[in-house]
Every structure is written in C-alpha cells, then in structure tokens.
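A.B. asks: what follows is a predicted structure for the sequence shown.
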Amino acid sequence: MALRYVLALGSNAPHHRHGPPARVLDAAVAALEKEGMKVRAVSRWRQSAPLGPSRRRYANGVVLVKSKLDPAALLDRVKRIEAHFGRRTGGQPWSSRVLDIDLVLWSGGAWYSPGLVVPHPAWRDRDFVLEPVAEIAPQWRDPLTGLTARHLLHRLRKAASRP
C-alpha cells in the first residue's frame, strides 16, 4: 500500500552542477522520483529569511509524494539524497546548506522513533512550510490538532498580525 508524505525542501547555497537554490530544489524533486517516490504535487518555490546563523535567503517549498516505505526507511532515502547533493552531517545547526529535506507529514498520522518525529515538530510555526502545504494539500489534517493546513496557516498569520 502506498503511503502519502509531505516533504519540505530548502536550499540556500548553490550546487556546482545544478546552480542556484531554486534549481537545486528542481533537481531534488527529480532525485526523489529517481529514488522511487512518486511525486504527486509540487508547491511553487518561495524565498524566506534564514533561521539561525546563516545570512543567505532560502528557496523553500514542499512536495507531496507516494511511497511504500515507512517513515524511517523514507528518511534514510532522503538523507542519501541530501548527501548526494553535498550535505554533510554534523556541523553547525541551521547553517547554509545546499539541500535540506524534512518529513513534515505522512498519511499514517504520527510517528516517533529515534531521530524522527512526524509531524515535524515546528511545521505549525513556520509560514515557509505551512503556506506551501496549504497550497498543494489544504485539507490535510494535522494528526495532533485535527486542524487542516489551511486553518493552521490562517491561525499563524492571525497571530503574526497581532501587535
């Protein structure tokens, strides 16, 4: 049985072969397909300010994929893709990176294992994740709150507009 996943993609450093961050994300979508994931929807890429010490703006977006892999196995595939794009393990958190792929949601609800928590713990607080999720999967419900992506985005924007 194929499972559905929402993956968040981000890049704020150019790749020697693929070019600037938005093109890195295009290449990452192709790499997901090559690794056996069926890409069903891709949000438009957005620019966002970096979190943490990096000074470069990010290109961000999300993809909806289908896979027969459970979340832990899918994470292994995603980490292989990141490594292929030059991502190094360790180092300073939130530093510049060519490619970052996070498992945000999956059709099985919540998942907890060493090194992986789904839904992503911060996805409800990040407009650069919520906005593209609401674009391609507006009715997807957060398994912990029961709220749709569209509703969560509305709440986040409302909270941000308060003085």
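C.D. replies: It's in. Residues are numbered from 1 along each chain as shown.
A.B. asks: what are the ranges of the strands in this protein?
C.D. replies: 3-11, 38-42, 46-48, 58-67, 100-106, 111-113, 116-118 (DSSP state E).
A.B. asks: who is the spatially most central residue of the chain paired with across the strands?
C.D. replies: The geometric centre of the chain, computed from its C-alpha atoms, lies nearest to Ala8 (CA atoms, centre = their mean), at 0.9 Å. Assessed by DSSP bridges, Ala8 has beta-bridge partners Val62, Asp102.
A.B. asks: how about low-confidence regions in this structure?
C.D. replies: In the predicted model of the chain, residues 52-54, 87-95 satisfy pLDDT under 70.
A.B. asks: would you map the helices across it?
C.D. replies: For the chain, the helices defined by DSSP state H cover 21-34, 71-84, 127-136, 149-161.
A.B. asks: ok, which of the ones you listed comes nearest Ala41?
C.D. replies: helix 127-136 (4.1 Å; CB to CB). (C-beta placed from N, C-alpha, C; glycine too.)
A.B. asks: run a quick neighbour tally on Asp116.
C.D. replies: Quick fix: residue 116 is Leu, not Asp. Look at Leu116: counted by other CB atoms under 10 Å, it has 15 neighbours.
A.B. asks: what does Gly61 give?
C.D. replies: 27.
A.B. asks: any idea how far it lies from Ala73?
C.D. replies: Per CB to CB, to the nearest Å, Gly61 is found 23 Å from Ala73.
A.B. asks: of all the strands of the chain, which one is nearest Val78?
C.D. replies: Nearest to Val78, of all the strands of the chain, is strand 100-106, at 4.6 Å by CB to CB.
A.B. asks: quick one: contacts of the closest one?
C.D. replies: Around strand 100-106, the neighbours that count as contacts under CB atoms under 8 Å, 6 or more residues apart in numbering are 3-11, 28, 62, 71, 74-75, 78, 81-82, 87, 116, 118-120, 123, 129, 133, 137, 140, 142-143.
A.B. asks: what angle sits between it and strand 58-67?
C.D. replies: Angle of strand 100-106 versus strand 58-67, following axes from the mean of the first three to the mean of the last three CA atoms, to 10 degrees, is 50 degrees.
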